[in-house]
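1. quick one, what's the 3D model for this:
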Amino acid sequence: MRKRWVSIVLALLLTLPTLLAGCALRNDATVETAEEDTTGQARPMTITLYAITGESTTEEAVQAVQDALNEVTENQFNTHVELRLYTEDEYYSVIEQEFEALIKRMEEEEEEAKRAKEEARSLKAAGITTTAPETEEETTEETEETVINEFGRAVTKFPEPKDNQVDIFLVRGLDKLGEYMDKGYLADLAPSLGTAGKGLDKYINPALLSAVTFDAGVMAIPNNRMIGEYTYMLINKELCDKYYYDPDDMTTLAKIADFLEDVKKYEPDYIPLYGVPFPLTDYIVPEMEGSLVGGYVTNVTAQSALLTPKNLLGTAAYTLLLNQVNDFTAAGYLTPSNYEFNPKAAVQLVKGGYALREQYEDDYYVNVYCYPRGTNANMYESMYCVSAYAANVDRCVEVIALLTKNEMVRNLFQYGVERLHYEIDDDTDLVIRLNDEYSMNMYDTGNQFILWPSADMDESMLELAENRWQNAKNQNLELVVSPYVGFILKYIDQEYLEKKAASSAGADGAPAQITYNYMFTKDIIDGVIEASKEIQEKIDNFKEYVDPETGETVTFSDYIKLLKMELDAYIAVSEFSDQDNSDSPVSQYIDWQASKYPPEA
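-> Got it, this is the predicted structure:
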């Protein structure tokens, strides 16, 4: 019944906005009144909010959600929000076309202003007096103007949005965020976080906020969410106790080897080890995932650590794991899996969330093999940016903050309008969709931890949602953030060099002559990936053999050392790590790391 009460209050809020605009709806979901407006004066303003929606969403549904949203934003901030929702396949094209059109129009207006100024100067020099034409500045921020509504009441008239107006817009992925930063599309939100966005740091994981902080400022407000997953090592209690092993000491592969040997010898009905132990690696770009050039991120690696990516076959922790897995396979201990549960395994690796440990703790000793990882692939999955051309950044941040702090608005944006798009089951408190006319991705509509659970969620998600997402919050507290988070690789190619030459033109306007004697960045990355595949294939197919020159047996460990040298010999791998080239991937990372985490004085 808790959600039912909340939804009744929401209905009252949306029908009686003037009466309730300043009232607290609940302790943790208040609609704040605009104190002294952070803009200095609360003039009526219209802003746009762009986001991705599902294929089934209708225009009527978007309008209904927009109307309900504006009952809050108009009364609280004197801000009218126009929702512009597009399907994923068209979204970024629309955003980029709007920015391109806006920038082109501004450049044309600037050129026209210059032309008019030059013309006026010429006329003045010729002794001809001119009178500047009266102009009316176009703006979406106006003085108070009212109209009479259908009930005969005077209400604020909000201005129409300008052509190509982009204010708030959804961005997914670090690559896209970096692209828009380079193009100058994004406003720095840091000045607004202490005013319009005050308190957001209490709702958003600090690692997420850190991830969107660059030299240029705070470039986005991330949608707070659970990050990553655990990999647990489950040790069968009955067998562990039977053979007198200490489960607290069985935290590494080396320390479970004797137990696996006992199970193999004396417990034929059990699989000794179910699930292949994997290396704890990360990479400076996601497309290198699984390659043999990267960094080894342990469960205690600090985000600020200098983790220079290199040939992993020369990394002790990585090669130790390879040798252990090879030994376990040769001994018949290891059975590959998809990291799902198997009741007939003595030791197994299982992936899942924070609550999984409670699920198995009666019959298994539960150790953490790998804590949740924050990487460039999952830390930038969904965030809201504000346009560098927005008329008022504070107003935009106020609206974004509602999606993070205000339970009512956040669930409105996700589920639509109650009794029109959904209802709440009185017995289960679950949101029940009435139709598919309004469809949004739960990670794109705000703070996951104030989202109401829905009947559409699977069992694992509903478990996370229990007790107001407490298990998900606990999981984020144990997050291990990769030292590569926030690093954006600059790709050197012919176009980049030509732009650099043009920007360095001499006094005669001729482009500068730039010599670049290295592989282009994409060729380096592709080359490293391809070289890694070739070497990995040799690792996977290895069988001991006798060296014809020495007559000695080449073991797996010996072979890894040979392959390490072979991988180093690839040109792409060499150029990847070439610190004589300031634009090599490793050089770029080292420079970025020193800037991001300067040494303490």
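2. can we go C-alpha only for contacts and neighbour counts from here?
-> Noted.
3. helix, strand or coil for the residue of the chain most remote from its centre?
-> The centre of the chain is farthest from one residue, residue 127, which by C-alpha atoms, centre = their mean lies 61.6 Å away. Three-state call for residue 127 (DSSP: H, G, I helix; E, B strand; the rest coil): coil.
4. let me know the pLDDT of it.
-> Among the per-residue scores, residue 127 shows a pLDDT of 79.
5. same check on residue 157?
-> 87.
6. correct me, but it touches residue 78?
-> No - using C-alpha atoms under 8 Å, residue 157 makes no contact with residue 78, being 10.2 Å away.
7. could you tell me which residues touch both of the two?
-> Counting by C-alpha atoms under 8 Å, 6 or more residues apart in numbering, the contacts common to residue 157 and residue 78 are residue 44.
8. more crowded one of the two?
-> More neighbours surround residue 78 than the other of residue 157 and residue 78, with 23 against 17 (other C-alpha atoms under 10 Å).
9. quick one: the more buried one and residue 299, what's the gap?
-> As judged by C-alpha to C-alpha, to the nearest Å, residue 78 and residue 299 stand 48 Å apart.
10. chain center to stretch 323-335, what's the gap?
-> 36 Å (C-alpha atoms, centre = their mean, to the nearest Å).
11. other residues contacting it?
-> Outside stretch 323-335, the residues that touch it by C-alpha under 8 Å, 6+ apart are 253-254, 260-261, 264, 271-277, 556-557.
12. got a list of what the residue nearest to the spatial centre of the chain touches?
-> Among the residues of the chain, the one closest to the centroid is residue 380, at 1.4 Å (C-alpha atoms, centre = their mean). The contact partners of residue 380, by C-alpha under 8 Å, 6+ apart, come to 172-174, 211, 222.
13. got CSV for those, with neighbour count and pLDDT too?
-> Listed next are the contacts of residue 380 as CSV, based on neighbours: other C-alpha atoms under 10 Å; pLDDT from 0 to 100:
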residue, neighbour count, pLDDT
172, 17, 98
173, 15, 97
174, 24, 97
211, 22, 97
222, 28, 98
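14. now, which of those sits nearest residue 367?
-> Distance to residue 367 across the contacts of residue 380 (C-alpha to C-alpha) is lowest for residue 211, with 28.8 Å.
15. backbone torsions only: list them for the closest one.
-> In terms of degrees, to the nearest 10, the main-chain angles of residue 211 are phi -60, psi -30.
16. distance check, it against residue 319.
-> 31 Å.
17. residue 448 now?
-> From residue 448 to residue 319 the distance is 39 Å (C-alpha to C-alpha).
18. who has more neighbours, the two?
-> Under the criterion of other C-alpha under 10 Å, the comparison of residue 448 against residue 319 puts residue 448 first, with 25 against 17.
19. how close does residue 77 sit to residue 396?
-> The gap separating residue 77 from residue 396 is 10 Å, by C-alpha to C-alpha.
20. who's more crowded, these two?
-> A count of neighbours by other C-alpha under 10 Å puts residue 396 above the other of residue 77 and residue 396, at 28 against 23.
21. tell me the pLDDT at that one?
-> pLDDT, residue 396: 98.
22. OK, contacts around it?
-> 47, 167-168, 386.
23. that one should be in a helix, yeah?
-> Yes - judged by three-state DSSP, residue 396 forms part of a helix.
24. and the gap between it and residue 254?
-> 54 Å.
25. so which strand or helix has residue 510?
-> For residue 510, there is no host helix or strand (DSSP states H and E).
26. phi first, then psi, for the closest residue to it other than its chain neighbours.
-> Nearest non-adjacent residue to residue 510, counting by C-alpha to C-alpha, 6 or more residues apart in numbering: residue 502, 7.7 Å away. Phi and psi for residue 502, reported as degrees, to the nearest 10, are phi -70, psi -40.
27. how about the contacts made by residue 502?
-> 510-512.
28. do that again at 10 Å, thanks
-> Residues near residue 502 by C-alpha atoms under 10 Å, 6 or more residues apart in numbering: 496, 509-514.
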